[in-house]
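Engineer: need a structure here:
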Amino acid sequence: MAKVRTQYVCQNCGYNSPRYLGRCPNCGEWNTLVEEQVETNSAPAKKATTTLTGLVAKPQKINEIDSKQTPRVKTKLNELNRVLGGGIVPGSLILIGGDPGIGKSTLLLQVSGQLSDEHHRVLYVSGEESGSQIKMRAERLKVAGDDFYVYPETNMDSIRDTIRELKPEYVVIDSVQTMQATDVSSAIGSVSQIREVTAQLMQIAKSNNITIFVVGHVTKGGALAGPKILEHMVDTVLYFEGDLHHTYRILRSVKNRFGSTNELGIFEMHTNGLTEVKNPSEIFLEERLQDATGSSVVVSLEGTRPILVEIQALVTPTVYGNAQRTATGLSRNRVSLIMAVLEKRANLMLQNQDAYLKAAGGVKLDEPAIDLAIAVSIASSYRDKGTQPTDAFVGEVGLTGEIRRVNRIEQRVAEAEKLGFKRIFIPKNNLKGWTPSTGIQVVGVSTLKEALYLALG
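Structural biologist: Prediction:
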């Protein structure tokens, strides 16, 4: 006979406690323990993992397993293909998170329609919208298909039966926080429910070679809601980012078992859906003012794609005792470090100056090659002297003021040349063993002081 007991489960990390605690002893978060009732059986039944066709999973010798490479399935959105590592891997479990209204459901609805057009059977399971509501959005996005099925349901047993009957190649779960496993008595959206639902979806995906896309809600802090084990269980974790007041959306991969996590996909939101931004460098630079002070352009590398981004700085005398350091899209610690190097190695008196920096366009930059552009922007604003509009900067700044080499310099220079830049400052050591193109002037610099002299005079 099943016994019912009460426990308190942390909604952040999944820690269990027999009594209520104000602070979770595992993750340290406050007021996250919620009361849940759990049924325990004295003699639980143990079942072997079976596929939807009824076959029982059995151990195999590793030499007998077919290692044939399964071809990836490419969608019509090349930006999504790039972030996934070249396309969709059959049988994978992909988690997509993002703020409310950012476009997660729109993206997956478009992808579902494209896969259906290529004669792939798709099942779209929605726990948040009715069938008529999804149909209205599909008509706006011009999504249709004979092999595209919509199923408004939250019960995992019904979803599993439907998958067994339809035998789809792709399943979309929108969203995992609304799904309910009937053998777990806790509330929908709780840690126990999310963990059990994800485990069932993973078993369906792996044992039946079905690709499953899962939409995940995020907390107010920007992290995926639910236990951290949710991200460990899936194959790929994608974050859909952007400002609700702007039309551009950025798709990042923070975990990918089948590809790189450094790739970046950029989309633009329209009334008829998401469209790809094929040349993001032009988007990030199109509103740059001529002869503006505190502005420089860096050629950043996101995965295999070089992107030109404007870095803006505003340096003003402080009115308080302690100078402020504010950064948007850049690391605040990196900004403070570069300002210290400028003060020590380039003789700029910045300790009594407030500094505000941002990467224009809402993109986030986090690689050493952006150091030189940050330093030039700060010096330009401090001296109130603008940089040349056709100059670009690439290089890592060391604590002794040296400019250190960066990777893939040829791709960065070629991207700057393609967009019409006439001069690019790079580390001097990157010039060894390489002949630059004649279409752009490549200036090698070895120290920060030398770079500021050549760029600002």
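
Engineer: can I assume Leu166 is in contact with Tyr124?
Structural biologist: No: Leu166 lies out of contact with Tyr124 (CB atoms under 8 Å); the separation is 11.3 Å. Where C-beta positions appear, they are placed from N, C-alpha and C, glycine not excepted.

Engineer: what do these two both touch?
Structural biologist: By CB atoms under 8 Å, 6 or more residues apart in numbering, Leu166 and Tyr124 have these common neighbours: Tyr149.

Engineer: Give me the average confidence score over stretch 144-164.
Structural biologist: Here stretch 144-164 scores 93 as its mean pLDDT.

Engineer: out of Leu166 and Tyr124, which sits in the more crowded spot?
Structural biologist: The residue with more neighbours, out of Leu166 and Tyr124 and counting by other CB atoms under 10 Å, is Tyr124; that gives 27 against 15.

Engineer: Distance check, that one against Asp235.
Structural biologist: 20 Å (CB to CB, to the nearest Å).

Engineer: what's near enough to touch the closest residue to Lys76 other than its chain neighbours?
Structural biologist: Nearest residue to Lys76, sequence neighbours excluded (CB to CB, 6 or more residues apart in numbering): Gln114, at 4.7 Å. Residues near Gln114 by CB under 8 Å, 6+ apart: 75-77.

Engineer: Give me the local confidence score for Gln114.
Structural biologist: Here, the pLDDT recorded for Gln114 equals 94.

Engineer: now do Glu35
Structural biologist: 82.

Engineer: Who wins on neighbours among the contacts of Gln114?
Structural biologist: Busiest of those [other CB under 10 Å] is Leu77, holding 20 neighbours.

Engineer: What separation do you get for Glu282 and Ala181?
Structural biologist: For Glu282 relative to Ala181 (CB to CB), the value is 48 Å.

Engineer: With neighbour numbers in mind, choose between these two.
Structural biologist: Taking neighbours as other CB under 10 Å, Glu282 and Ala181 compare with Ala181 leading, 20 against 11.

Engineer: check contacts around that one.
Structural biologist: 156, 193, 196-197, 200.

Engineer: what about Asn429, neighbour count?
Structural biologist: Other residues near Asn429 come to 15 when the count uses other CB under 10 Å.

Engineer: tell me the SS of it?
Structural biologist: Per DSSP: H, G, I helix; E, B strand; the rest coil, the secondary structure class of Asn429 is helix.

Engineer: State the number of residues packed around the residue nearest to it when sequence neighbours are not counted.
Structural biologist: Distances taken as CB to CB, 6+ apart place Arg405 nearest to Asn429, at 4.4 Å, with adjacent residues excluded. Residues lying near Arg405 (other CB under 10 Å) number 17.

Engineer: now Arg405: how far from Ser331?
Structural biologist: 21 Å.

Engineer: and what of Leu115?
Structural biologist: Leu115 sits 38 Å away from Ser331, taking CB to CB as the criterion.

Engineer: So for these two, which sits in the more crowded spot?
Structural biologist: Taking other CB under 10 Å, Leu115 and Ser331 do not tie; Leu115 has more neighbours (24 against 15).

Engineer: Dump the contacts of Gln114 to CSV, plus distance to Asp66 and pLDDT.
Structural biologist: Converted to CSV, the contacts of Gln114 look like this (distance: CB to CB, whole Å; pLDDT from 0 to 100):
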residue, distance to Asp66, pLDDT
Thr75, 26, 93
Lys76, 30, 92
Leu77, 30, 93
